[in-house]
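# Kindly return the folded structure for what I paste below:
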Amino acid sequence: MSWKKVKRLFVVAEDQEHAAATPGDLSQVEAQVDADLAALELPAGQVGTLPSGTDPAALQGTIDFQGLYDQAGIPNTDEVEQLEKFLEGLDNTLPQASRLAAAKAFLSAIGKSPNHVVEDAGRKIQVVRAVGEVKGTDASNRQRELQTEITRLESEIEQCRSAMESINAELENVRHQCAVEEGRLQAARVFFGHLGNVQK
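All right, here's what the predicted structure looks like:
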């Protein structure tokens, strides 16, 4: 369930209690709700561990979070998912109080309490955070390895460039010497050719 949908459970501008409220009053209500909801969020420092046997490199494309929850040993109670599906099925025009009452009644009917949902979500969030952290570490390590390889290849390329420049310099030196030597020999040929009848 998105954060906006969660907020709609607590702030419904169309409710009669807010019908006569000014925009300033509504933003104060929303700010208070934001603060109240933020206080219920799982603290940032609570990070779980990736289920054993999970290869960080395999965490790509569409991630099977439910599979990871199962691997992590989180009971397959799915309180969060059940409540989310139930709330999505409710009429959007229902007032806040009715939506909350319906959610509590639903939980009671399946033998659960709000605490079960909070605990279930908390355990799953820790796995989600572990996925993010482990993937981040894996990505950093792989990028570092690739950067090292790029640096090594750049060094080899520079050595190749230097070798090519040396080859060109050698070639130019040899060509220069050949030109000088050929010039000397051509001069001798021309000079001595004038001294006698030398077959050209």
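
# Please count neighbours and contacts with C-alpha atoms only from this point.
Fine.

# low-confidence ranges in this structure?
In the predicted model, the chain carries pLDDT under 70 at residues 1-26, 29-30, 32-34, 36-38, 40, 75-79, 196-200.

# Report the secondary structure state of the residue nearest in space to the middle of it.
Residue closest to the average C-alpha location in the chain (Cα atoms, centre = their mean): residue 136, at 7.4 Å. Classification of residue 136 using DSSP: H, G, I helix; E, B strand; the rest coil returns helix.

# how far away is it from residue 143?
According to Cα to Cα, to the nearest Å, residue 136 and residue 143 sit 10 Å apart.

# just residue 108 next, same as before
With distances taken as Cα to Cα, residue 108 is found 50 Å from residue 143.

# element containing the residue nearest to residue 49 when sequence neighbours are not counted, please.
Of all residues not flanking residue 49 in the chain, residue 130 sits nearest, at 5.3 Å (Cα to Cα, 6 or more residues apart in numbering). Counting by DSSP states H and E, the element that carries residue 130 is helix 114-193.

# which strands and helices sit next to that helix?
helix 65-71, helix 79-88 (3 or more Cα pairs under 8 Å, 6 or more residues apart in numbering; DSSP states H and E).

# Next SSE downstream of the last one?
Taking DSSP H and E as the definition, the helix or strand that follows helix 79-88 towards the C-terminus is helix 96-109.

# Can I get that following helix as CSV, trimmed to CA atoms?
Taking C-alpha atoms only, helix 96-109 is exported to CSV below (Å, rounded to 0.1, in the frame of the first residue of the first chain):
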residue,chain,number,x,y,z
GLN,A,96,-12.2,7.6,7.7
ALA,A,97,-14.0,6.3,10.8
SER,A,98,-15.8,3.7,8.7
ARG,A,99,-12.6,2.5,7.0
LEU,A,100,-10.8,2.1,10.3
ALA,A,101,-13.7,0.3,11.8
ALA,A,102,-13.9,-2.0,8.8
ALA,A,103,-10.2,-2.7,9.0
LYS,A,104,-10.5,-3.6,12.7
ALA,A,105,-13.5,-5.8,12.0
PHE,A,106,-11.6,-7.6,9.2
LEU,A,107,-8.6,-8.2,11.4
SER,A,108,-10.8,-9.5,14.2
ALA,A,109,-12.6,-11.8,11.7
